[in-house]
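*Asks:* Build me a structure from this.
(chains A and B)
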Amino acid sequence: MGGYAIFVLAVFGLYGWSSWRGYEIGGGKRGLIPANVRQAPGGYRSFTYWRGGK
Amino acid sequence: MSGYEARCPSCGATVVFTLGATLLRVCDHCGVAIARKGAKLADYGKVAALIPTPSVLALGAHGGYEGAPPFTLVGRLQLDHGSGTWDEWLLGFRGDSWAWLSEAQGRFHYMGLAALPPVPEFEEVRVGQTLDLGPPGTFVVSEVREAKFVTAAGELPFDVEPGSTLRYADLSGPGGQLATLDFGTGSKAESLYVGREVALADLGLSGLPDVEERRQKASGQNLSCPQCAGPLEVRAPDQTQRIGCPYCGTILDATKDLAILETLGNPPVQPLIPLGSKGRLFDQDWQLIGFMERSVTVEGVRYPWHEYLLYDPAAGFRWLVESKGHWSFVEPVGAGDIARAGGGDQFILDGKTFKHFQGGHATVDVVMGEFYWAVKGGDQVKSNDYVCPPFMLSSEEDESEANWSRGTYTKGADVWKGFSLVGGPPTPEGVAPHQPSPFQGRVKSTWLMALGAAGLLIFLYIALSMSGGRVVHKQSVTLPPTALSGTPEAAVFTDRFFVQSPGNLEVMVHSPVSNTWLYLDGALINEETGGLDEFDLETSYYFGSDSDGAWSEGSMDSRTYLASVPPGRYVMRLGPQWEAGRKPPTFDLRVRSRVPRLYQLVLALLVLFLWPIVIAWRSMRFESQRWSESDHAWTSGGDDDDDDDDDGGDD
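*Replies:* So this is what the prediction gives:
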């Protein structure tokens, strides 16, 4: 029973932590807009990085 | 006592009937049995000399029991049902009342006269039958026998010629009560005696030789086997009826100067615990005095097991049984304390329900050491085992006797430790019928705990739903009227918004698409760090009607979730694409932070129940292994045995 109690606490902890932090299964990797783009006038608004889409 | 004095019709000596109720008296001078026939005396001839038995009592001894008037041992009756002689002592009380004290195998039973209720005739009484004896209660017949009136001394309360065959039935009642139905020499019951087992010390006897002194003197007798001359040590001489020579297998009669009864041949097995070993088990000191191998044969396969007879002068006899490396400590149980249940396939003892495990015919194969009954090689009884781990209830019966015992599963290591044995016990094979499941009580409690935890988890989800899901941005976006689908010119940037707490972000779009679609190539941009989370959203909604009627598919709403978005200042770029010529003019955007996810709750619940599912499966596998050796194996379409281990009753 002690083992299961620890297991339950672990599940609670994992669920609470992932909910709080907003983890998603298969969540995409965060990218970064290059510093020179961010520092340039107009910055990312004119950034040609954006992909083409559908 | 109201005495009656007369002259012996044989020798003329004075004989005194000390009790008014006694009808037979053995003349102390000539040994003739004299019966009172009204005012006359009848001579039944000379009785045989008393058979030497290991009795510790003597005529003329005085005592008192449980507030009854003081008594004197006034008569001694010796009976034999073919397997040994035992003594019945007549206790004469002041006031002419009387009771019996039965002495057999070192055990004493105090039996008082009770009112005789209507009972079946002797021929109709069967072992195992339940009889209502009136005020004493309902009793179970444990023995039905005929015994020969071998000889007597002193006086007796009945008028039966020595040498006659007497009929009786012994019964076991609730709370350790015992009863004897005395049928005399006929078919109808003549009297009923009810009582219980008593300790010699409880009888307050005086005028006896010192029992302990006799025992000490007699114990440890060193004899030799008349067959092979092997040394024999008799450790319980006042109890032993048979001795099995451990060297040549000969069974000797301990009551008749070690007369050879039969030779079983050299024992093919040796006890794992040496005969004579002393140890302590279940808070009691024991000495191992006997060893037997018994077996049942099922479908041509012989299944042997070993029984070790333990003895202590104060505690009596117990058994230590070993089968396939599994050990049990076995003690006798009164049939009257056992109640039948479940259509006869189950029994209840001490509030625990025992399920039938297996039945068979147990045969004695090997005998070594001392035994308190007249054991023989090849002795066979019908046996049935019932289990309620860690206990096993066993019945052994033949036509005239039934005995019940309860075994308690005992770890081999405890036996080894108790007897200070060298090495370790043999490794147990498989699962014993009454081996406690390692999952005992865990299945139910684990499921209960899992259900409780699931409830808490759902509560936590609801709490998170209520506290989270704060809208951090809401905007109605108008698409550039001249832009083409998928071009940089069509892309729009949202107003700036702030995320206060770390967590996920839900991005939801509502677009009034009608039989068309809108695709958004999105990116969440952290203006402070340049962090970039890309995502896709698509709304499509189609409807119409056909021969089956109206139909629709898709939705005007679409949402996606971005993981672990840190606090900060954000803007969103949305690159729209649409079906040529069907551009929706606007769409609504809503962004919420810290939105609890239902799939995560479901996953957590699944993980939570994984443990109890595994425990239940392992428990079932253990029980399946246990019952595979029984008469009710699950694999052969077993009956009602598919409960989990929690039916044990002692969770």
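
*Asks:* ok, B:Ser593 - how many residues close by?
*Replies:* For B:Ser593, the count of nearby residues is 24 (other CB atoms under 10 Å in any protein chain shown). For every residue, glycine as well, the C-beta is placed using N, CA and C.

*Asks:* That one touches B:Ser501, doesn't it?
*Replies:* Yes. With contact defined as CB atoms under 8 Å, B:Ser593 reaches B:Ser501; the gap is 6.4 Å.

*Asks:* so what's B:Ala374 closest to, chain neighbours aside?
*Replies:* B:Ser83 (3.9 Å; CB to CB, 6 or more residues apart in numbering or on different chains).

*Asks:* Could you check how far that neighbour is from B:Arg242?
*Replies:* For B:Ser83, the distance to B:Arg242 equals 10 Å [CB to CB, to the nearest Å].

*Asks:* Then B:Cys225?
*Replies:* For B:Cys225, the distance to B:Arg242 equals 13 Å [CB to CB].

*Asks:* And these two? Which one has more around it.
*Replies:* Comparing B:Cys225 with B:Arg242 by other CB under 10 Å, the one with more neighbours is B:Arg242, at 23 against 20.

*Asks:* what's the single longest helix in chain A?
*Replies:* The single longest helix within chain A, with elements called by DSSP state H, is helix A:2-21.

*Asks:* Dump that helix to PDB, restricted to CA.
*Replies:* Extracted in PDB, the C-alpha atoms of helix A:2-21 (Å, rounded to 0.1, in the frame of the first residue of the first chain):
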ATOM      1  CA  GLY A   2       2.900   2.300   0.800                       C
ATOM      2  CA  GLY A   3       4.200   1.800  -2.700                       C
ATOM      3  CA  TYR A   4       0.900   2.600  -4.300                       C
ATOM      4  CA  ALA A   5       0.500   5.700  -2.100                       C
ATOM      5  CA  ILE A   6       3.800   7.000  -3.300                       C
ATOM      6  CA  PHE A   7       2.700   6.200  -6.900                       C
ATOM      7  CA  VAL A   8      -0.500   8.100  -6.400                       C
ATOM      8  CA  LEU A   9       1.400  11.100  -5.000                       C
ATOM      9  CA  ALA A  10       3.700  10.900  -8.000                       C
ATOM     10  CA  VAL A  11       0.800  10.900 -10.500                       C
ATOM     11  CA  PHE A  12      -0.800  13.800  -8.600                       C
ATOM     12  CA  GLY A  13       2.500  15.700  -8.700                       C
ATOM     13  CA  LEU A  14       3.100  15.000 -12.300                       C
ATOM     14  CA  TYR A  15      -0.500  15.900 -13.300                       C
ATOM     15  CA  GLY A  16      -0.500  19.100 -11.200                       C
ATOM     16  CA  TRP A  17       2.900  20.200 -12.400                       C
ATOM     17  CA  SER A  18       2.200  19.600 -16.100                       C
ATOM     18  CA  SER A  19      -1.100  21.300 -15.800                       C
ATOM     19  CA  TRP A  20       0.400  24.300 -14.000                       C
ATOM     20  CA  ARG A  21       3.300  24.600 -16.400                       C
END
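
*Asks:* any residue of it up close to chain B?
*Replies:* Yes. Using CB under 8 Å from any CB of the partner chain, helix A:2-21 reaches chain B at A:4-5, A:7-8, A:11-12, A:14-16, A:18-21.

*Asks:* Just the buried residues of stretch B:342-358, please?
*Replies:* Buried residues in stretch B:342-358, counting neighbours by 16 or more other CB atoms under 10 Å in any protein chain shown, are found at B:Asp345, B:Gln346, B:Phe347, B:Ile348, B:Leu349, B:Lys352, B:Thr353, B:Phe354, B:Lys355, B:His356, B:Phe357, B:Gln358.

*Asks:* Which member of those residues is positioned nearest B:Tyr372?
*Replies:* Among those, B:Leu349 lies closest to B:Tyr372 (CB to CB), at 23.7 Å.

*Asks:* can you map out the strands along the stretch 251-400 of chain B?
*Replies:* All strands of the stretch 251-400 of chain B, identified by DSSP state E, counting those that start in this stretch, fall at B:259-263, B:278-281, B:284-298, B:301-312, B:316-323, B:326-333, B:338-341, B:346-349, B:352-371, B:380-388, B:391-397.

*Asks:* Now do the contacts for the closest residue to B:Pro9 other than its chain neighbours.
*Replies:* Residue nearest to B:Pro9 in three dimensions, not counting chain neighbours: B:Asp43, with 4.6 Å by CB to CB, 6+ apart. Contacts were defined as CB atoms under 8 Å, 6 or more residues apart in numbering or on different chains; by that measure B:Asp43 touches B:Pro9, B:Ser10, B:Val32, B:Ala33, B:Ile34.

*Asks:* Identify the residues contacting the second one.
*Replies:* So the one you mean is B:Ser10. Contacts of B:Ser10 (CB under 8 Å, 6+ apart): B:Cys27, B:Cys30, B:Val32, B:Ile34, B:Asp43, B:Lys46.

*Asks:* switch the cut-off to 7 Å
*Replies:* By CB atoms under 7 Å, 6 or more residues apart in numbering or on different chains, the residues touching B:Ser10 are B:Cys27, B:Cys30, B:Val32, B:Asp43.

*Asks:* lowest confidence element among the helices and strands of chain A?
*Replies:* In chain A, the helix or strand scored least confidently by mean pLDDT, DSSP states H and E is helix A:35-39, which has a mean of 72.

*Asks:* wait, does it contact chain B?
*Replies:* Yes. Applying CB under 7 Å from any CB of the partner chain, one finds helix A:35-39 in contact with chain B at A:Ala35, A:Arg38.

*Asks:* how close does B:Leu50 get to chain A?
*Replies:* As judged by CB to the nearest CB, to the nearest Å, B:Leu50 and chain A stand 64 Å apart.

*Asks:* my guess is that residue is in a strand, correct?
*Replies:* No. Counting by DSSP: H, G, I helix; E, B strand; the rest coil, one finds B:Leu50 to be coil, located in no strand.

*Asks:* what residue ranges in chain B score low on pLDDT?
*Replies:* B:1-2, B:54, B:105-106, B:209-222, B:635-651 (pLDDT under 70).

*Asks:* Could you pull out the helices in the stretch 401-550 of chain B for me?
*Replies:* B:412-418, B:442-467 (DSSP state H, counting those that start in this stretch).

*Asks:* For chain B, which residues are neighbours of chain A?
*Replies:* B:442, B:445-446, B:449, B:453, B:457, B:460, B:464, B:486, B:488, B:491, B:493, B:502-504, B:519, B:521, B:523, B:525, B:530-534, B:561, B:563-565, B:573, B:575, B:577, B:594, B:596, B:600, B:604, B:607-608, B:611.

*Asks:* Following the chain past the particular helix or strand that has B:Leu91 in it, name the next helix or strand.
*Replies:* Per DSSP states H and E: B:Leu91 is located in strand B:85-93. Downstream of strand B:85-93, the next assigned helix or strand under DSSP H and E is strand B:98-104.

*Asks:* Following element in sequence after that following strand, please.
*Replies:* Note on strand B:98-104: by DSSP H and E, the next helix or strand toward the C-terminus is strand B:107-114.

*Asks:* Strand partners (parallel or antiparallel) of the helix or strand that that following strand is followed by?
*Replies:* Sequence-wise, the next helix or strand downstream of strand B:107-114 (DSSP H and E) is strand B:130-132. Its sheet considered, strand B:130-132 pairs with strand B:138-156 (antiparallel) by DSSP bridges.

*Asks:* Between strand B:85-93 and the strand it pairs with, find me the angle.
*Replies:* Per axes from the mean of the first three to the mean of the last three CA atoms, to 10 degrees, the angle that strand B:138-156 makes with strand B:85-93 is 80 degrees.

*Asks:* Tell me the gap between strand B:138-156 and the middle of its chain.
*Replies:* 33 Å (CA atoms, centre = their mean, to the nearest Å).
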